[in-house]
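S.K.: After the sequence you'll find the predicted model.
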Amino acid sequence: MGAVTGPPRAEPAILRVAGPLVELEYTGDTAMNDLVSLGEAGLPGEVVEITDAVVTAQAYEYTGGLAPGHRAHPRGSPLSARLGPGLLGGIFDGLLRPLSDSGDWLLPGSGGSEDEARTWGFTPAVAVGDQVTGGQALGEVLKAGPVQTRILAPPGCTGPVEEIVPEGDYTQDSLLAVVGGTEVRMTADWPIRRPRPVRERLDARRPLHTGQRAIDLLFPVARGSTVAVPGGFGTGKTMLLQQIAKWCDADVIVYVGCGERGNEMADVIAELSELADPRTGGRLVERTVVIANTSNMPMMAREASIYTGATVAEYFRDMGCDVVVIADSTSRWAEALREFASRTGALPAEEGYPAGLASALAAFYERAGAVTTLGGDRGSVTVIGAVSPPGADMAEPVTAHTERFVRCLWMLDRELAYARHYPAISWAGSFSRDADALAAGHADAGEPAWPGRQAEISALLAEADRLTDLVDLVGITALPGQERVSVLGGRLVREGLLQQSALSDQDAYCGPEKTSALAEAVLTVIARCRELAEAGVPADSIEEADFGPLLRAREEAGPHDSAGVALRRDAVLAVLRELM
C-alpha cells in the first residue's frame with residue numbers, strides 16, 4: 001500500500017461510517033498515516049488503508065452525525081504534536097489538545113482551549129551569521145516553567161543564521177529565526193509516530209531514584225531504561241505510579257492516563273497541583289505534562305496517546321532533561337488496537353489482539369533510552385508502563401510480550417496487597433536487569449556495599465518464603481533456632497524495610513541515605529539474632545524481644561534521617577544484648 005495518485009477530486013466523499021472507521025471515495029494524492037478532516041466539524045482522522053479509489057481513515061473523535069455523502073479534507077501531513085513552551089503544567093487529551101479551561105466539553109473538531117495570544121519571553125543565544133546545526137540551541141524561553149526551555153534548530157537544519165529576533169515577548173506562532181533558509185518558530189509540529197533523532201545512544205548507567213525502597217533497593221531502574229508494572233485489579237498499580245510521579249528525581253514527568261477511570265485522573269491532577277516540589281519549591285504540576293485520555297474518551301485517541309507522550313518526552317530530552325513517561329495503562333492501549341483491528345477485518349492472533357501487537361509494544365518501549373542529543377547534551381527518557389492483565393492472568397498476550405521488551409519488571413502481588421503491604425511488589429516475581437550496571441554507580445557514590453546488601457536481602461526473603469510454607473505445615477516450634485531466626489528476619493525485612501506508607505509525611509518518600517540506613521539496620525539486627533541463636537539463646541526469647549523501634553523507624557525518622565534510624569537500631573541491639 002502506498003500513495004494513491006490520479007485525477008484529484010475537489011474533496012473526498014464519505015462512503016461508510018462504522019464507529020471510528022470511515023471509508024472515503026478519493027483518487028487524489030494521499031499517503032498512509034496522513035490526516036484528514038471529516039465532515040463539517042472537521043473531526044480528525046488518520047489514513048490507515050488505501051485500496052484503489054477507497055481510502056480508510058480512523059477517526060480520533062466520536063463520529064455520531066457523520067454520514068455517507070459528507071465531505072472530508074486531506075491535510076497532507078501525519079498526526080503531529082505541537083511542541084513548545086506551553087506544555088509544562090498543562091493538561092491535554094491524547095492528541096495533545098489543551099483541556100484546561102475548555103469547559104465541560106471539548107467541542108468536536110476543535111483544537112482545545114489554547115490561548116494563541118499568550119506570549120513568552122525569548123532571549124537569543126546566537127547572532128546573524130553564526131553557523132548552527134540541527135539540535136543546537138538558538139535561544140532560551142523565559143518563564144516557561146521550572147525547567148530551562150530552549151528553542152532548538154530543527155533536526156537536519158544546518159547553515160548560517162540568516163535572521164534572529166531581538167530579546168522580547170513573542171506568541172507561539174512567532175517567527176524567531178531563519179537558519180539556512182528554514183524558519184524556526186516558537187512552537188513546531190512533530191509526527192508522533194516518528195522518534196526524534198539523536199546523535200548517539202548511551203548505556204543506561206545512572207540510577208533513577210524513585211523514593212520507594214522496594215524499588216531502589218531490590219529492583220532499581222536506570223535513567224533511560226524501561227519498566228513494566230503488571231498487576232491485577234486492586235493491587236495498587238495506579239498508586240505506585242502516582243508515587244513515582246511525585247517523588248522520582250527526573251526533571252520532567254509525562255503522565256499518560258491511557259484509558260483509565262476519570263476519577264483516578266482527577267485525583268492525580270489534584271494531588272500534583274497541591275504537592276510541593278522539593279526541587280523547586282513550587283508545585284509539582286509545574287514540571288509535569290498530563291495527557292488525560294480516560295476510558296470515556298474516543299478509543300482511537302487512546303491508541304495515539306502513548307505516542308504523543310513519547311514525543312513530548314523526546315522534546316524535553318533533546319534539551320538535556322531526564323524525563324519519565326508513565327503510561328497507565330498499556331493494556332487499555334492494546335485493547336484499542338484490538339478493537340480497531342476487528343473493525344478493519346485484520347487477522348486476529350492471540351485472544352483477538354492483532355498480529356502486530358508485539359511489534360507495536362517493542363516500538364513504544366524502544367523510544368526510551370539515554371542519549372547524546374543532536375546538540376551535544378545528555379538526556380534520557382525512561383518509560384514505565386502499567387499492565388492490567390484480565391483476571392490477573394500474567395500469561396495473557398500484553399503482559400507476556402511486554403516482559404520480553406523491558407529491562408525491569410515490578411510485579412504486584414495480590415496477597416501482599418490484600419495484607420495491606422504497600423507497595424505490593426513481589427520479590428519473587430520481579431526482576432531488574434539494570435542492577436549490575438548500577439552497582440558501579442553506587443560504588444562511585446560511596447556505597448560499595450550496595451550490591452552485597454541487595455543480594456543478602458534477596459536471599460533472606462527467599463529463605464523466609466521457603467520456611468513460611470514449611471511453618472504452615474508443621475508449625476514454627478518444629479524448626480531449629482537458626483531457621484526460626486530466618487523467618488523472623490523475613491518479617492523484619494518486610495515490615496521494617498520494604499513496606500512503605502504512601503499516606504505518611506515521613507514515609508511516603510525515602511531518600512537514598514535513609515534507604516541504606518534502614519537496610520543496614522535490619523541486616524545488623526538479624527545478624528545479631530543469628531549470633532544469639534548460635535550461642536544457645538532460645539528462639540522464643542529472641543522472637544519475644546521488642547523490635548518495635550526498628551519497625552517504627554521508617555515512619556518515625558524523616559525522609560533523609562539516617563541518624564534517627566541508627567539510634568533506633570542501637571536501641572534494639574541494646575535489648576538483644578540483655579538476652580545473653
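M.R.: Yep, it's here. Residues are numbered from 1 along each chain as shown.
S.K.: distance of residue 407 from residue 61?
M.R.: Per C-beta to C-beta, to the nearest Å, residue 407 is found 36 Å from residue 61. Placement of C-beta: from N, CA and C, glycine included.
S.K.: tell me what the top helix by length along the chain is packed against?
M.R.: Ordering each helix of the chain by length in residues (DSSP state H) puts helix 450-474 first. Counting contacts by 3 or more C-beta pairs under 8 Å, 6 or more residues apart in numbering; DSSP states H and E, helix 450-474 packs against helix 435-444, helix 481-493, helix 512-534.
S.K.: want to throw these into TSV with distance to residue 99?
M.R.: Shown next, in TSV, are these (distance: least, C-beta to C-beta, whole Å):
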stretch	distance to residue 99
helix 435-444	37
helix 481-493	44
helix 512-534	36
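S.K.: what about these, which gets the closest to residue 144?
M.R.: helix 512-534 (30.2 Å; C-beta to C-beta).
S.K.: Skip ahead from the closest one and say which helix or strand is next.
M.R.: The helix or strand immediately downstream of helix 512-534 is helix 539-543, counting by DSSP states H and E.
S.K.: Past that following helix, which element shows up next along the chain?
M.R.: Counting by DSSP H and E, the next helix or strand C-terminal to helix 539-543 is helix 548-556.
S.K.: can you count the residues close to residue 140?
M.R.: Here the number of neighbours of residue 140 (other C-beta atoms under 10 Å) works out to 18.
S.K.: Tell me which helix or strand the residue lying closest to residue 398 once chain neighbours are set aside sits in.
M.R.: Leaving out its chain neighbours, the residue that sits closest to residue 398 by C-beta to C-beta, 6 or more residues apart in numbering is residue 334, at 4.7 Å. Assigning secondary structure by DSSP H and E places residue 334 in helix 330-344.
S.K.: What of residue 565?
M.R.: helix 562-577.
S.K.: Using PDB, write out every CA atom in that helix.
M.R.: Presented in PDB, the C-alpha positions along helix 562-577 are these (Å, rounded to 0.1, in the frame of the first residue of the first chain):
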ATOM      1  CA  SER A 562      19.700   8.200  58.600                       C
ATOM      2  CA  ALA A 563      20.900   9.200  62.100                       C
ATOM      3  CA  GLY A 564      17.400   8.700  63.500                       C
ATOM      4  CA  VAL A 565      17.400   5.200  62.000                       C
ATOM      5  CA  ALA A 566      20.800   4.400  63.600                       C
ATOM      6  CA  LEU A 567      19.500   5.500  67.100                       C
ATOM      7  CA  ARG A 568      16.600   3.100  66.800                       C
ATOM      8  CA  ARG A 569      18.900   0.300  65.600                       C
ATOM      9  CA  ASP A 570      21.100   0.800  68.600                       C
ATOM     10  CA  ALA A 571      18.000   0.700  70.900                       C
ATOM     11  CA  VAL A 572      17.100  -2.800  69.500                       C
ATOM     12  CA  LEU A 573      20.700  -4.000  69.800                       C
ATOM     13  CA  ALA A 574      20.700  -3.000  73.400                       C
ATOM     14  CA  VAL A 575      17.600  -5.100  74.100                       C
ATOM     15  CA  LEU A 576      19.200  -8.100  72.400                       C
ATOM     16  CA  ARG A 577      22.400  -7.700  74.400                       C
END
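S.K.: residues in contact with it?
M.R.: The contact list for helix 562-577 (C-beta atoms under 8 Å, 6 or more residues apart in numbering) reads 513-514, 516-518, 520-521, 524-525, 528-529, 532, 542, 545-547, 549-550, 552-553, 556-558.
S.K.: Narrow these to those that are buried.
M.R.: 514, 516-518, 520-521, 524-525, 528-529, 532, 542, 545, 547, 549-550, 553, 556-558 (16 or more other C-beta atoms under 10 Å).
S.K.: Name all residues that make contact with residue 509.
M.R.: So residue 509 contacts 211, 246-247, 559 (C-beta under 8 Å, 6+ apart).
S.K.: Those in helices, which ones?
M.R.: 246-247.
S.K.: Could you export the contacts of residue 509 as TSV, including neighbour count?
M.R.: Shown next, in TSV, are these (neighbours: other C-beta atoms under 10 Å):
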residue	neighbour count
211	22
246	21
247	20
559	18
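S.K.: What is the nearest of the contacts of residue 509 to residue 338?
M.R.: Nearest member of those to residue 338, counting by C-beta to C-beta, is residue 246, at 32.2 Å.
S.K.: Give me the distance between the closest residue to the closest one other than its chain neighbours and residue 309.
M.R.: Closest residue to residue 246 apart from its sequence neighbours, by C-beta to C-beta, 6+ apart: residue 275 at 5.8 Å. Look at residue 275 and residue 309: by C-beta to C-beta, they are 21 Å apart.
S.K.: With residue 19 instead?
M.R.: Residue 19 is 24 Å from residue 309, by C-beta to C-beta.
S.K.: which of the two has more neighbours?
M.R.: Neighbours were tallied for residue 19 and for residue 309 using other C-beta under 10 Å; the higher tally belongs to residue 309 (32 against 16).
S.K.: Please identify which helix or strand holds that one.
M.R.: Assigned by DSSP H and E, residue 309 falls in helix 299-317.
S.K.: Can you spell out which helices and strands pack onto that helix?
M.R.: strand 80-83, strand 188-191, strand 252-258, strand 288-293, strand 322-328, helix 330-344, helix 357-365, strand 378-387.
S.K.: Just list the residues touching the spatially most central residue of the chain, thanks.
M.R.: Closest to where the C-alpha atoms of the chain average out (C-alpha atoms, centre = their mean) is residue 326, at 1.9 Å. For residue 326, the contact set (C-beta under 8 Å, 6+ apart) comprises 241, 244-245, 253-256, 384-386.
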